[in-house]
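1. Give me coordinates for this.
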Amino acid sequence: MAKIKLTKGELKRQRDALKQFQRYLPTLQLKKQQLQLEILQQNTLLEDRRQSLAKKRQGMDSWLGLLGQPGIDLKPFLAPTDLKTNFKNIAGVDIPVFGKLEFASPEYDLFLTPLWVDAAIEVIREVVILNKEVSILEEGVAILRGELRVTTQRVNLFEKVKIPQAEENIRLIKIYIGDQMANAVGRCKIAKRKIEEIVLEGAAA
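-> All right, here's what the predicted structure looks like:
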């Protein structure tokens, strides 16, 4: 710990710093709580989307083999053309929120293409959309966790270092100033007594 000046000016500086720390700490603690709550909510939503994705994939297993038929190429209809993403602000932190994933309109010969192709395109697109939503949710949770880690470090710094340090500095300075004042009073009394003795001696002479 750096050596502090044992002066009244330093006492004021330490008191001002302590007030700042005590005023800022509740804001950090509130931010920490908000981040923890949002991470919990985002994780719940993420788990829901992961389960939906797993169910969709399981449902596809029974007909995935059909995609290998000659002349069936769904790739042009499954590539996204536009992703719309919004942002949500949580305790001063922006996280991405899935908006919409757009695809090109399917164009193929209805007479030459099997009837199940439309349904296959729709289901696979739903899987692609869920994949993207899961990815964006994971990104958001990672951002929130990073911010929570930094905020927690700051809360700990204020609670365990800055505030106790300022309080201890104030205590030490007050003790020193108190001792100095007591010594000054003692010196004044001694000086006064000596002056009185000199005056008395002069009067008796």
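2. Work out which residue lies at the spatial centre of this protein.
-> residue 147 (2.7 Å; C-alpha atoms, centre = their mean).
3. gap between that one and residue 44?
-> 19 Å (C-beta to C-beta, to the nearest Å). Using the backbone N, CA and C atoms, a C-beta is placed for each residue, glycine as well.
4. And residue 61, by the same measure?
-> 27 Å.
5. Now do the longest helix that the chain contains: which elements does it pack against?
-> Using DSSP state H, we find that the single longest helix of the chain is helix 8-60. If you count contacts as 3 or more C-beta pairs under 8 Å, 6 or more residues apart in numbering; DSSP states H and E, helix 8-60 packs onto strand 80-90, helix 116-157, helix 163-204.
6. Can you name the element that comes right after it?
-> Once helix 8-60 ends, the next helix or strand along the chain (criterion: DSSP states H and E) is helix 75-78.
7. Show me which parts of that next one are buried, residue by residue.
-> 77, 78 (16 or more other C-beta atoms under 10 Å).
8. So which residues make contact with it?
-> 103, 104, 106, 121, 124, 125, 128 (C-beta atoms under 8 Å, 6 or more residues apart in numbering).
9. try 10 Å this time
-> 67, 103-108, 117-118, 120-122, 124-125, 127-128 (C-beta atoms under 10 Å, 6 or more residues apart in numbering).
10. of those residues, the lowest pLDDT goes to which?
-> Within these, residue 67 has the lowest pLDDT, namely 61.
11. coming back round to it: of all the helices and strands packed on helix 8-60, which one is nearest residue 57?
-> The closest of these to residue 57 is helix 116-157. By C-beta to C-beta, the value is 6.4 Å.
12. Which other helices and strands does the closest one contact?
-> Secondary-structure packing of helix 116-157 (3 or more C-beta pairs under 10 Å, 6 or more residues apart in numbering; DSSP states H and E): helix 8-60, helix 75-78, strand 80-90, strand 93-103.
13. Could you dump the ones you listed into TSV and include distance to residue 163?
-> Shown next, in TSV, are the helices and strands packed on helix 116-157 (distance: least, C-beta to C-beta, whole Å):
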stretch	distance to residue 163
helix 8-60	5
helix 75-78	57
strand 80-90	26
strand 93-103	25
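14. mean pLDDT lowest for which of the ones you listed?
-> Across the helices and strands packed on helix 116-157, the lowest-scoring stretch is helix 75-78, with a mean of 75.
15. circling back: in the contacts of helix 75-78, find the pair that's most separated.
-> Once C-beta to C-beta is applied, the contacts of helix 75-78 give 107 and 127 as the farthest pair, at 21.3 Å.
16. If you count surrounding residues, which of those two has more?
-> For residue 107 versus residue 127, neighbours defined as other C-beta atoms under 10 Å are more numerous around residue 127 (16 against 7).
17. close enough to count as contact, the more buried one and residue 49?
-> No. With contact defined as C-beta atoms under 10 Å, residue 127 does not reach residue 49; the gap is 11.4 Å.
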